[in-house]
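Chemist: following is a predicted model, sequence given first.
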Amino acid sequence: MTLNIKVIIPAFNEAKSIGKVIKHLPSYVNEIIVVNNNSTDETAKNAKQYGATVLTEINSGYGNACLKGVKYIEQQREKTDIVVFLDGDLSDYPEELTNIIAPIIEKDIDFVLGARVKHKREKGAMQPQQIFGNWLATFLMRLLYKSEFTDLGPFRAIKYETLQALKMQDPTYGWTVEMQLKILKKKYRYHEVPVKYRNRIGVSKVSGTLKGSIFAGVKILTWILKYSFK
């Protein structure tokens, strides 16, 4: 059976890396959707040159960019089977998409997370605040929801029908944890695949600044605690 696989890449000022990300995605991907989120560089131009569909989202925020891509897919007539999300900074290895989607295809898993495990991580690829934040978030998820997640990584794949059922809404960096919490609450089948992770091209908009790190941390903890009282 031939599957229709779409990739959504939220991008803010990723002109130096976006072409490399697109280039290294497997050729069987049906469509690569780059959502240009108020970039001031040539992110959109470079993405188009490498054959991506480029959308514009004027409302800043990681979740807003992801939601724009999802809405675009919803409007297509052709049925989408799997949606993959990854960042546009080349910190992920796009060629590992095959490993990410394998549990969905082979074992009928609903959601697969690329886990940035320590032994596959390049030195310095994750900042101390990221490592601690991931540990705290996944610890709370284990404590409150009996979760087996070990990471909140951006490289992830999900059945399109599952994605629709989650009714995603967070406009900012709470998007990733919102997805995982809803997977847990709705008891969908999930799986983690260890992935390689390297230093990104450019400066992180989240972990690269104290303000960004604090904001992301607050959003993540808010989602976890909010869901624990539902």
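Modeler: Cool, the structure landed.
Chemist: what's around the spatially closest residue to Gln164 that is not a sequence neighbour, how many residues?
Modeler: Using Cβ to Cβ, 6 or more residues apart in numbering and skipping residues adjacent in sequence, the residue nearest Gln164 is Glu74, 7.6 Å away. Using the backbone N, CA and C atoms, a C-beta is placed for each residue, glycine as well. Number of residues near Glu74 (other Cβ atoms under 10 Å) recorded here: 11.
Chemist: what are the ranges of the helices in this structure?
Modeler: 18-23, 43-49, 62-74, 97-107, 128-145, 160-166, 175-185, 210-228 (DSSP state H).
Chemist: of all those, which one is nearest Val35?
Modeler: Closest to Val35 of the helices of the chain, according to Cβ to Cβ: helix 62-74, at 4.1 Å.
Chemist: which neighbouring elements make contact with the closest one?
Modeler: Helix 62-74 sits against strand 5-11, strand 31-36, strand 53-56, strand 82-85, helix 160-166, helix 175-185, with contacts defined as 3 or more Cβ pairs under 8 Å, 6 or more residues apart in numbering; DSSP states H and E.
Chemist: if we can go back for a sec, could you report the distance from the residue nearest to Gln164 to Tyr160?
Modeler: 9 Å (Cβ to Cβ, to the nearest Å).
Chemist: quick one: low-confidence parts of the protein?
Modeler: 1, 203-217, 219, 227-230 (pLDDT under 70).
Chemist: center of it - which residue?
Modeler: Pro154 (3.1 Å; Cα atoms, centre = their mean).
Chemist: list the contacts of that residue.
Modeler: Contacts for Pro154 (Cβ atoms under 8 Å, 6 or more residues apart in numbering) come out as Phe85, Leu86, Asp87, Asp92, Gly114, Thr176.
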